[in-house]
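1. pasting the sequence and the predicted coordinates here, then a few questions.
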Amino acid sequence: MFWADEVALELKERKLPLEWVDDMKTPSGKIHVGALRGVVIHDLAYKSLKDAGVKAKYTYIFDNHDPMDGLPVYLPKEYEKYLGLPLFKVPSPEKGFANYAEFYAKDFINVFTKIGCEPEILWATEIYESGKMNDSIQEVLDKTEEIKKIYEELYKKPLAKDWYPFQVYCTNCGKVSTTQVIAWDGKEVSFACRVDRLDWIKGCGFEGKISPFSSKGQIAGKLPWKIEWAVKWKVVGITVEGAGKDHMSKGGSHDLADEICKRIIKYPTPYPLGYEFFLIGGKKMSSSKGLGSSAAEMLDILPAELLRFLMVKTKLNRAIDFDRSGDTISNLFDEYQKSADAYFDKTNDDLARIFELSQISKVIKPPTVRFSVLCQWVQMPNMEEEIKKEGLGNWVKYAKNWLEKYAPESEKFTVLKELPEVAKSLSK
């Protein structure tokens with residue numbers, strides 16, 4: 001049985017009135033294809049729950065309030081002046097978007113919508129502005145000493161005596177990376193925007209007091225994200241959410257969020273969907289540093305259904321190592337065609353289910369001609385009619401792209417219009 005269907009049957013036994021599936025991401029730059037794996041995994045869980053007759057909902061939260069803590073290589077140096085500011089206060093690189101976070105988030109939304117994922121979009125700033133976080137912020141600040149114990153138990157390192165689980169947006173310079181809460185009186189936090197707190201950015205030196213509670217049009221600050229992760233689970237009502245193995249490994253972010261749920265906010269930790277990395281040529285990617293293929297770039301390499309298929313067919317506990325060179329892409333097309341055969345010929349239930357869940361809106365039977373053959377045909381000027389006849393038109397641009405950018409020289413050839421002179425001297 002396909003893994004998501006197994007999860008759905010397990011969750012069905014809980015008999016919850018609603019299974020709320022969620023995923024989250026900070027739009028700190030061009031969002032890489034690795035983040036797309038999380039979107040698809042949660043989408044599969046959501047769709048399998050619905051297929052199992054369970055009432056379910058799927059949301060995606062963009063943490064647009066996190067600080068800009070690095071300058072992506074593709075941005076002009078002038079953006080350095082925005083380092084330390086929350087992303088929703090950084091201007092968009094292009095006109096037509098409210099801010100930096102919205103620009104990169106909507107680019108990512110465009111990609112995952114094209115591959116058949118349509119979660120309801122939530123923004124962290126709106127969750128804070130709604131006031132829903134305020135009770136939990138009060139609870140977290142009131143239980144600072146207990147939270148310190150959790151950190152110290154997990155990381156075997158004592159926190160500073162004046163550490164508090166809240167980050168203020170400096171009311172003077174607007175930065176969040178440089179601020180430190182130094183006191184809490186039950187109603188307001190005292191904070192300092194430290195000049196030398198970090199070696200990559202300067203604070204303004206301002207000190208003040210502010211209520212940590214947010215309201216419409218006013219966000220005072222944010223919880224540290226490991227604590228915030230747990231609080232958002234409770235505030236939103238999430239019951240199913242996982243993350244990549246860096247967060248889910250022993251002692252990682254999920255362990256701390258789990259302890260916050262159990263000991264501080266008294267909320268059942270959502271069903272965890274932990275998964276391996278998506279690698280490009282053996283390397284992990286980064287949105288903020290501009291490393292690896294962005295999700296949008298992958299749609300120039302693979303058709304939407306093939307990109308989704310790549311995610312669907314790989315088990316959660318296996319890394320995806322996508323090498324654009326060699327025969328990786330050609331083999332992926334072959335696998336997709338085999339799964340289609342299993343679906344239409346009813347020969348392999350698991351493979352058929354993988355094909356079914358890889359479809360975007362409706363089930364479409366793919367061409368039967370292999371991608372490797374198509375790559376030969378597109379180099380032959382007399383094969384246009386055959387390509388059209390075999391229904392290969394939608395795959396042509398991907399074949400040409402592979403030949404141009406990734407194919408070894410041995411796969412490329414040119415058909416000459418006339419015989420070369422040397423051909424005249426060939427023997428019979």
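-> Thanks, I have the structure now. From a predicted model like this one, the values you see are computed outputs, not experimental measurements.
2. where does this protein have low pLDDT?
-> Scanning the chain for pLDDT under 70 picks out 284-292.
3. can you classify the residue nearest to T368 when sequence neighbours are not counted by secondary structure?
-> Taking Cβ to Cβ, 6 or more residues apart in numbering, and ignoring the residues beside it in sequence, T368 has Q337 as its nearest neighbour in space, at 6.8 Å. Glycine gets a C-beta too; all of them are placed from N, C-alpha and C. With DSSP: H, G, I helix; E, B strand; the rest coil as the basis, the three-state label of Q337 is helix.
4. mind checking how far Q337 is from T314?
-> As judged by Cβ to Cβ, to the nearest Å, Q337 and T314 stand 17 Å apart.
5. check L71 too.
-> 33 Å.
6. likewise for I210?
-> I210 is 47 Å from T314, by Cβ to Cβ.
7. for the stretch 51-200 of the chain, what spans make up the strands?
-> Read by DSSP state E, counting those that start in this stretch, the stretch 51-200 of the chain holds these strands, from start to end of the chain: 56-62, 120-123, 167-168, 179-184, 189-193.
8. out of those, indicate the one that is most buried.
-> Per residue and on average, the most neighbours among the strands of the stretch 51-200 of the chain fall to strand 167-168, with a mean of 24 (mean count of other Cβ atoms under 10 Å).
9. helices and strands around that strand, which ones?
-> Under the contact criterion of 3 or more Cβ pairs under 8 Å, 6 or more residues apart in numbering; DSSP states H and E, strand 167-168 touches strand 179-184, strand 221-222.
10. what's the longest one in contact with?
-> Strand 179-184 is contacted from outside by 141, 144, 162, 164, 166-170, 189-194, 197, 203, 212, 221, using Cβ atoms under 8 Å, 6 or more residues apart in numbering.
11. what about 7 Å?
-> 141, 144, 162, 164, 166-168, 170, 189-194, 197 (Cβ atoms under 7 Å, 6 or more residues apart in numbering).
12. check the shortest one too.
-> For strand 221-222, the surrounding residues in contact (Cβ under 7 Å, 6+ apart) are H65, F166, Q167, V168, Y169, V176, P212, E228.
13. closest one of those residues to M298?
-> Checking the contacts of strand 221-222 against M298 with Cβ to Cβ, the nearest one is H65 at 27.4 Å.
14. quick check, that closest one in contact with P86.
-> Yes. A contact is recorded between H65 and P86 when judged using Cβ atoms under 7 Å, the distance being 4.9 Å.
15. my guess is L9 contacts A52, does it?
-> Yes. Using Cβ under 7 Å, L9 and A52 qualify as a contacting pair, with a distance of 6.1 Å.
16. those two: who's more crowded?
-> A direct count of neighbours by other Cβ atoms under 10 Å for L9 and A52 places A52 higher, at 17 against 14.
17. ok, that one - contacts?
-> If you count contacts by Cβ under 7 Å, 6+ apart, A52 has them with A8, L9, K12.
18. please apply the same query to R37.
-> Contacts for R37 (Cβ under 7 Å, 6+ apart) come out as Y275, F278, M311, I320.
19. count the residues that sit near the last one.
-> Read that as I320. Other residues within reach of I320 by the criterion other Cβ under 10 Å amount to 17.
20. now do the first one
-> Counted with other Cβ under 10 Å, residues neighbouring Y275 total 25.
21. sec struct for G208, please.
-> Local secondary structure at G208 is given as strand here, using three-state DSSP.
22. tell me, how many residues neighbour the closest residue to it other than its chain neighbours?
-> Residue nearest to G208 in three dimensions, not counting chain neighbours: T171, with 5.8 Å by Cβ to Cβ, 6+ apart. Each residue near T171 was counted by other Cβ under 10 Å, and the total is 15.
23. and if you look at M24?
-> By the other Cβ under 10 Å criterion, the neighbourhood of M24 contains 22 residues.
24. how close does it sit to V312?
-> As for M24, its distance to V312 is 21 Å (criterion: Cβ to Cβ).
25. residues in contact with K15?
-> Counted by Cβ under 7 Å, 6+ apart, K15 has zero contacts.
26. is it located within a strand, as I assumed?
-> No. For K15, which was evaluated using three-state DSSP, the result is coil, with no strand membership.
27. my guess is E411 contacts V373, does it?
-> No. Counting by Cβ under 7 Å, V373 is not a contact partner of E411; they are 11.7 Å apart.
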